[in-house]
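Enquirer: I need the structure of the sequence given here:
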Amino acid sequence: METVADVPQDQFAVHDDLSSAALSVGLADPVDAVFRAAFDAHPDCAILIERDRTVSFVSRNGRCPRTLEPFEILAGTDWVGLYPDRHALRLSEAFDDALAGHDAELVLSIRSRSSKLRQWQFRLTPILSEDGACVDRVLCLSRPTSDAVIDAEARIGQADHRIKNSLASIASLLRMQARTAEEVSLRDALHAAGERIMGIGRIHAHLQPGEGGNRCIPSRAYLGALGRDIVETLGGGRVTLLHEIEDIPLLPSQAKAFGVVATEAIINALRHGFGDEGGLIHLVFGFDDDDTHLLRVSDSGRGLPEGFDPGEAGGKGWRITSLYAQSISGTVTLDPAPMGGTRLAMRAPA
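Expert: Purely as a prediction, here's the structure:
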């Protein structure tokens, strides 16, 4: 059987052609043999879904998000039920959008039966009835995101490098101005701004994709290098970084959000958490019990002032942290750490 690696990349353009063809002919019942053969030969996983959300066709040769049972077993089953329960709401919403006549796209993290986690791109296309009066069925095409890389995604890597260099230049100018500032408050503000900009620059420097054209960012290499870079640059040799990071593929948007939050937490600990005696910072990233991504940054420093509320304090760092967490539907909390300092935790859907 032909694998995705054997298929020329330009053949993935057939994804749109097949969707258009299916839409135009309505995939009359029984499914037209020509289109059945086309979907069976295509690297995408093609599933035809009836209005009641039951499965009526599954391609044989496409790479599917899960190792699916033979079609004879899947026929008539609920399409949403093929995937992990945590994705049921998003899949249901996408199906409802397609029934309303709109194309729907989403990207989900799904474990295979071998427990390997990958990002999968889904596209749902409405198929009209023969008279064109209503949506009769929905066609779902899915593929690994590593096989869906487009030119715009490839350009992101080049942009990251240019952004990193530009931010480094700005940070250098701020540090030069801080050294000549006479007012202590102005000098501190310029130093803080320079550190924050350098932190964002480091994120872009470490946003390196995985191998084989996969734009997903490996979390262990990315967050580990980012944390070490910040502590070695700003820690003055008095702070030790410990980390426990699961190797999870992250979309660039997820990696950037977690990177910004981790950077803010580490810089904040270095600036406010420790005296001359130094201490420890503990960086943890992985899955929470409910399969959400969980980032924790704890320190052994002074801890939070009594009654401290980050929302009421209104600091720029907390606002930035909250905004980036919200950008991937995440939440962030701040509380005392088990080792005596402060612990920041961010949770976001996998």
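Enquirer: what ranges does the stretch 101-250 of the chain have for its strands?
Expert: Under the criterion DSSP state E, counting those that start in this stretch, the stretch 101-250 of the chain contains strands at 104-111, 117-128, 135-144, 217-218, 239-245, 249-250.
Enquirer: where in the stretch 101-250 of the chain is pLDDT low?
Expert: Residues of the stretch 101-250 of the chain that meet the criterion pLDDT under 70 lie in 112-116, 146-175, 191-215.
Enquirer: let's see 80
Expert: 111-119, 130-132, 144-182, 184-216, 233-236 (pLDDT under 80).
Enquirer: that one: helices as residue ranges?
Expert: 151-180, 184-206, 219-234 (DSSP state H, counting those that start in this stretch).
Enquirer: for the last one, name the packing helices and strands.
Expert: Under the contact definition 3 or more Cβ pairs under 8 Å, 6 or more residues apart in numbering; DSSP states H and E, helix 219-234 sits against helix 184-206, strand 239-245, strand 249-250, helix 252-268, strand 279-287. Backbone N, C-alpha and C define where each C-beta goes, glycine included.
Enquirer: between it and strand 239-245, how big is the angle?
Expert: Per axes from the mean of the first three to the mean of the last three Cα atoms, to 10 degrees, the angle that helix 219-234 makes with strand 239-245 is 170 degrees.
Enquirer: list the buried residues for helix 219-234?
Expert: For helix 219-234, the buried set under the neighbour-count rule, 16 or more other Cβ atoms under 10 Å, comprises Ser219, Tyr222, Leu223, Gly224, Leu226, Gly227, Asp229, Ile230, Val231, Leu234.
Enquirer: need those in a markdown table with distance to Val58, can you?
Expert: A markdown table is the format used below for these (distance: Cβ to Cβ, whole Å):
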| residue | distance to Val58 |
| --- | --- |
| Ser219 | 32 |
| Tyr222 | 35 |
| Leu223 | 37 |
| Gly224 | 40 |
| Leu226 | 41 |
| Gly227 | 43 |
| Asp229 | 46 |
| Ile230 | 48 |
| Val231 | 50 |
| Leu234 | 53 |
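Enquirer: which one of the residues you listed is nearest to Arg319?
Expert: Ile230 (19.8 Å; Cβ to Cβ).
Enquirer: grab the nearest non-local neighbour of that closest one.
Expert: Spatial nearest neighbour of Ile230, chain neighbours left out: Ile266 (5.0 Å); criterion: Cβ to Cβ, 6 or more residues apart in numbering.
Enquirer: kindly report the same for Leu99.
Expert: Val135 (5.3 Å).
Enquirer: residues in contact with that neighbour?
Expert: Arg51, Ala98, Leu99, Ala100, Gly101, Pro126, Ile127, Leu128, Ser129 (Cβ atoms under 8 Å, 6 or more residues apart in numbering).
Enquirer: swap in Ala75?
Expert: Thr54, Val55, Ser56.
Enquirer: paired strands for the helix or strand where the last one lies, with orientation please.
Expert: I take that to be Ser56. Using DSSP states H and E, Ser56 maps to strand 55-58. Take DSSP bridges as the rule and strand 55-58 pairs in its sheet with strand 45-50 (antiparallel).
Enquirer: neighbours of Gln326, just the number please.
Expert: By other Cβ atoms under 10 Å, the residues close to Gln326 number 13.
Enquirer: need phi/psi at it.
Expert: phi -70, psi -30 (degrees, to the nearest 10).
Enquirer: what's the pLDDT at the residue nearest to Val80 when sequence neighbours are not counted?
Expert: Distances taken as Cβ to Cβ, 6+ apart put Leu91 closest to Val80, at 4.7 Å, once the chain neighbours are dropped. If you check Leu91, the pLDDT there is 93.
Enquirer: the strand or helix carrying Leu91 versus strand 45-50: what angle between them?
Expert: Assigned by DSSP H and E, Leu91 belongs to helix 88-99. Helix 88-99 and strand 45-50 meet at an angle of 70 degrees, taking the same axes, to 10 degrees as the criterion.
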